[in-house]
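Novice: I would like the atomic coordinates for the input below:
(chains A, B, C and D)
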Protein chains: 2
Amino acid sequence: MAVSAKTSDDPKRQRFAPAEREQLIIDGAIQFFADVGFAGQTRELAQRLGITQPLLYRYFPTKQDLIEKVYDEVFIGRWKTAWERLIDDRSIPLRDRLIGFYDAYASEALTYEWIRIYMFAGLAGEDINRRYIELLESRLLIPICTEMRATAGAPDPDQVPISDLEIEAAWNIHAAIFYYFVRKFIYRSPVESDLAAYISDTVDRTLDGALAVTKQTVT
Amino acid sequence: MAVSAKTSDDPKRQRFAPAEREQLIIDGAIQFFADVGFAGQTRELAQRLGITQPLLYRYFPTKQDLIEKVYDEVFIGRWKTAWERLIDDRSIPLRDRLIGFYDAYASEALTYEWIRIYMFAGLAGEDINRRYIELLESRLLIPICTEMRATAGAPDPDQVPISDLEIEAAWNIHAAIFYYFVRKFIYRSPVESDLAAYISDTVDRTLDGALAVTKQTVT
DNA sequence: TTTCTTATTTATCAATCGATAAATTAAAAT
DNA sequence: ATTTTAATTTATCGATTGATAAATAAGAAA
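Specialist: You can find the predicted model right below:
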């Protein structure tokens, strides 16, 4: 046997520019907290990052400050306004717009980290979730309801306001997509492997029911 | 001012029979862990119960043992076989059977404690969730698919096995109900207040789409 | 090469947390 | 009334955890 006193994984201390190191920590924290939750220890996070635990406190005054940064990055940072334009594009059938949106939304937003951090935050009583739901209702569900009105030949929301029942119908579509990822990333239960097929099938199954509500509400 | 040395809430030490005390602890633990998660401290739980922390260890060797008991009580203990008979009763229209089932399931199973403990357990990587999902598929979703076959005049599962697509369609119904309670108890977001109306509307919206899958699959 | 800045580590504190042992006391047994 | 049992509390341990202060060293500046 040769050298090796300890299983040292400290080949040479590496220095980063503060902005770069901060980003490395945030990215690592997203992964880490998604895995173990916000009760995870700062020492274990530091170990994953290949740094020592006190270094975290050079960049974030408290653990809670780091958690806030994780929220910002994951929830605020991932919403794309391009998605909203997709929903409004009446040159495409509504069904196809919804499928296009959910394809994009699933691959860019509903990731492993997103779903789990979102659920951890909700259980911890953070208001991030309520705020996100408000965003979702105003930027996604109400536009969908508006487009369903147009598709169904029903009055514009300017004339007849969108009802709670119509919003709930739109939630049903969203819930069906969302729950797929809850099963996959939280329960780690086997799910349909062809995501694109699942999304288009689910939109087909749920859209007609929602459209029926639209027609029924405004008569 | 009069006496009162400390804010003592220890008017007189009260003794319970072991079985009774054990049940008090389990019930308190369900409430407590539902509120704060399994990272909650045993001292805080004891305080809520009006007992001292070491007394918990007289009844449960470790915190994990107490958690297991909570799982048993909440998940195993709340499933009613009567629900299964309800789904199979072909003297009633399938729509009404589903509404009846979800009325009962929502009020008896999908409570604040159930939803939150279920999600905490899932995030913690417990296999309780996977096992529960297996129970749900075999005891609820496959029977629902079977009844949809009968309703749609399609072949019995004995002749043409239930497809994954049909199961996914049944999941859509379930997801729509389940997500309502996630919004209510996890995000604490305002939801439709009339639960019975929500359930019947949701079944109406989602059942037709699922039935369309049934008809389509077996042609 | 030498100096200087500061990113990073080492060492450590104080509070928290699960768990154990011994002392106390409410209530049943005698 | 006295004794006995055991449910409950008091006291405490050892490990963990977020956070701080001082020492170290990588890399830029001179």
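
Novice: now could you export just the CA positions of the longest helix along chain A as PDB?
Specialist: Within chain A, and with DSSP state H defining each element, the longest helix by residue count is helix A:195-217. What follows is helix A:195-217, C-alpha atoms only, in PDB (Å, rounded to 0.1, in the frame of the first residue of the first chain):
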ATOM      1  CA  LEU A 195     -45.100  12.000 -21.500                       C
ATOM      2  CA  ALA A 196     -46.100  13.700 -24.700                       C
ATOM      3  CA  ALA A 197     -48.700  11.000 -25.200                       C
ATOM      4  CA  TYR A 198     -49.900  11.400 -21.700                       C
ATOM      5  CA  ILE A 199     -50.300  15.200 -22.100                       C
ATOM      6  CA  SER A 200     -52.200  15.000 -25.400                       C
ATOM      7  CA  ASP A 201     -54.400  12.200 -24.100                       C
ATOM      8  CA  THR A 202     -55.100  14.100 -20.900                       C
ATOM      9  CA  VAL A 203     -56.000  17.300 -22.700                       C
ATOM     10  CA  ASP A 204     -58.300  15.400 -25.000                       C
ATOM     11  CA  ARG A 205     -60.000  13.700 -22.000                       C
ATOM     12  CA  THR A 206     -60.500  16.800 -19.900                       C
ATOM     13  CA  LEU A 207     -61.000  19.600 -22.400                       C
ATOM     14  CA  ASP A 208     -64.400  18.500 -23.600                       C
ATOM     15  CA  GLY A 209     -65.700  18.300 -20.100                       C
ATOM     16  CA  ALA A 210     -64.500  21.800 -19.400                       C
ATOM     17  CA  LEU A 211     -66.000  23.100 -22.600                       C
ATOM     18  CA  ALA A 212     -69.300  21.600 -21.600                       C
ATOM     19  CA  VAL A 213     -69.200  23.800 -18.500                       C
ATOM     20  CA  THR A 214     -68.400  26.900 -20.600                       C
ATOM     21  CA  LYS A 215     -71.500  26.300 -22.800                       C
ATOM     22  CA  GLN A 216     -73.700  25.400 -19.900                       C
ATOM     23  CA  THR A 217     -72.600  28.400 -17.700                       C
END
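
Novice: buried ones in that helix?
Specialist: A:195, A:198-207, A:209-214, A:217 (16 or more other Cβ atoms under 10 Å in any protein chain shown). (Glycine included, C-beta is placed from N, CA and C.)

Novice: near chain B, anything from that helix?
Specialist: Yes - judged by Cβ under 8 Å from any Cβ of the partner chain, helix A:195-217 comes into contact with chain B through A:198, A:201-202, A:204-206, A:208-210, A:212-213.

Novice: Also stretch A:144-156?
Specialist: No - applying Cβ under 8 Å from any Cβ, one finds stretch A:144-156 separated from chain B by no less than 12.2 Å.

Novice: now that stretch: how far from the chain's centre is it?
Specialist: 27 Å (Cα atoms, centre = their mean, to the nearest Å).

Novice: Kindly export it (C-alpha atoms) in PDB.
Specialist: Taking Å, rounded to 0.1, in the frame of the first residue of the first chain, the C-alpha atoms of stretch A:144-156 are listed here in PDB:
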ATOM      1  CA  ILE A 144     -57.800  29.300 -20.900                       C
ATOM      2  CA  CYS A 145     -61.400  30.000 -19.800                       C
ATOM      3  CA  THR A 146     -61.400  33.000 -22.200                       C
ATOM      4  CA  GLU A 147     -60.300  30.900 -25.100                       C
ATOM      5  CA  MET A 148     -62.800  28.200 -24.200                       C
ATOM      6  CA  ARG A 149     -65.500  30.900 -24.400                       C
ATOM      7  CA  ALA A 150     -64.300  31.800 -27.900                       C
ATOM      8  CA  THR A 151     -64.100  28.200 -29.000                       C
ATOM      9  CA  ALA A 152     -67.500  27.400 -27.700                       C
ATOM     10  CA  GLY A 153     -69.000  30.600 -29.300                       C
ATOM     11  CA  ALA A 154     -69.900  31.900 -25.900                       C
ATOM     12  CA  PRO A 155     -69.800  35.600 -24.800                       C
ATOM     13  CA  ASP A 156     -66.500  37.300 -24.100                       C
END
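
Novice: which outside residues touch it?
Specialist: A:87-88, A:90, A:94, A:97-98, A:157, A:160, A:162, A:166-167, A:169-170, A:173, A:210-211, A:214-215, A:217-218 (Cβ atoms under 8 Å, 6 or more residues apart in numbering or on different chains).

Novice: how about that stretch: buried residues?
Specialist: Buried, per 16+ other Cβ under 10 Å, within stretch A:144-156: A:144-149, A:151-152, A:154.

Novice: low-scoring stretches of chain A, by residue?
Specialist: A:1-12, A:218-219 (pLDDT under 70).

Novice: could you pull out the helices for it?
Specialist: So, for chain A - with DSSP H - the helices run A:18-36, A:42-49, A:53-59, A:63-71, A:81-88, A:94-108, A:112-123, A:128-136, A:142-152, A:164-181, A:195-217.

Novice: Spit out the contact partners of the residue nearest to A:Gln31 when sequence neighbours are not counted.
Specialist: Leaving aside its sequence neighbours, A:Gln31 sits nearest to A:Glu113 (Cβ to Cβ, 6 or more residues apart in numbering or on different chains; 6.5 Å). Counting by Cβ under 8 Å, 6+ apart, A:Glu113 touches A:30-31, A:34, A:74.

Novice: how about those in TSV, adding neighbour count?
Specialist: Shown next, in TSV, are the contacts of A:Glu113 (neighbours: other Cβ atoms under 10 Å in any protein chain shown):
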residue	neighbour count
A:Ile30	20
A:Gln31	16
A:Ala34	23
A:Val74	22
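
Novice: how about CSV for those residues, with distance to DNA strand C added?
Specialist: Converted to CSV, these look like this (distance: Cβ to the nearest atom of the strand, whole Å):
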residue, distance to DNA strand C
A:Ile30, 18
A:Gln31, 18
A:Ala34, 22
A:Val74, 23
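
Novice: Any idea which of the helices of chain A gets closest to B:Ala82?
Specialist: helix A:164-181 (25.7 Å; Cβ to Cβ).

Novice: And that closest one, what does it pack against?
Specialist: helix A:94-108, helix A:142-152, helix A:195-217, helix B:164-181, helix B:195-217 (3 or more Cβ pairs under 8 Å, 6 or more residues apart in numbering or on different chains; DSSP states H and E).

Novice: Give me the distance between the last one and the centre of its chain.
Specialist: In this case it means helix B:195-217. So, by Cα atoms, centre = their mean, the centroid of helix B:195-217 is 21 Å from its chain's centroid.

Novice: now do the first one
Specialist: Counting by Cα atoms, centre = their mean, helix A:94-108 is centred 14 Å from the centre of its parent chain.
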